[in-house]
Structure formats: structure tokens, C-alpha cells
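Student: Sequence isn't available, so here's the structure alone:
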């Protein structure tokens with residue numbers, strides 16, 4: 001599986017565990033909703049800063065967002 005897609009799947013899994021929609025998550029963490037969608041679909045190439053922001057917002061270590069990406 002493509003690393004972008006797997007990363008996005010992991011973000012989606014953790015976001016859904018918070019009980020928030022993409023829009024709610026984006027508003028709460030000051031991230032554009034379309035960017036969240038692009039990440040979750042594997043269409044975006046996030047920077048390290050964005051990866052760290054998502055991990056913090058989701059309350060997980062950065063490494064968890066890369067589970068299965070190898």
C-alpha cells in the first residue's frame with residue numbers, strides 16, 4: 001500500500017476514534033477541512049510539522065500514524 005494512503009488511513013482511524021467528523025476535527029484544531037480530507041485519502045504529502053500537528057491533535061505518538069507504512 002502507498003505510504004500516503006496508509007498514513008491517511010491511520011489518521012482517519014484515530015480521528016474516528018475521537019468521535020469527530022472531518023469538519024469538527026478541522027475546526028477544533030485549526031486545520032482546513034479539505035486538507036484533512038486530502039490527507040485521509042492519501043492525496044496530500046504532509047510536512048513534518050503537519051504530521052506532528054495531527055499526532056498532537058489526535059493524542060497519539062507520531063510513530064502511530066506511520067504504523068504499517070514500511
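Tutor: The structure has been received and is ready for your questions. Keep in mind that what you see is a predicted model, and the values were worked out from it rather than measured. Numbers count the residues shown, from 1 in each chain.
Student: Quick one: neighbours of residue 51, just the number.
Tutor: Around residue 51 there are 16 other residues, counting by other Cβ atoms under 10 Å. In short, each C-beta sits where N, CA and C put it, glycine included.
Student: just the one 4 residues further on next, same as before
Tutor: By the criterion of other Cβ under 10 Å, residue 55 has 18 neighbours.
Student: count of residues packed around residue 56?
Tutor: 12.
Student: right, and the helix or strand after whatever helix or strand it lives in?
Tutor: Following DSSP states H and E, the helix or strand that holds residue 56 is helix 48-58. Taking DSSP H and E as the definition, the helix or strand that follows helix 48-58 towards the C-terminus is helix 62-65.
Student: hang on, the earlier thing: show me what the helix holding residue 56 is in contact with.
Tutor: If you take Cβ atoms under 8 Å, 6 or more residues apart in numbering as the criterion, helix 48-58 is touched by 7, 11, 14-15, 18, 25, 28-29, 31, 39, 46, 61-62, 64-65.
Student: biggest helix in the chain by residues?
Tutor: Secondary structure of the chain read by DSSP state H shows that its longest helix is helix 3-18.
Student: Check which helices and strands that one sits against.
Tutor: helix 22-28, helix 33-40, helix 48-58, helix 62-65 (3 or more Cβ pairs under 8 Å, 6 or more residues apart in numbering; DSSP states H and E).
Student: pLDDT weak spots in the chain?
Tutor: Within the chain, the segments meeting pLDDT under 70 span 1.
Student: For it, which residue occupies the most central location?
Tutor: Nearest to the mean C-alpha position of the chain, by Cα atoms, centre = their mean, lies residue 11 at 3.3 Å.
Student: list the contacts for that one?
Tutor: Taking Cβ under 8 Å, 6+ apart as the definition of contact, the neighbours of residue 11 are 36, 39, 40, 54, 58, 65.
Student: rerun at 10 Å
Tutor: 25, 36, 39-40, 42, 46, 51, 54-55, 57-58, 60, 64-65 (Cβ atoms under 10 Å, 6 or more residues apart in numbering).
Student: next one: residue 69
Tutor: In this structure, residue 69 makes contact with 1, 2, 3, 4, 5, 6, 7, 9, 10, 63, judged by Cβ under 10 Å, 6+ apart.
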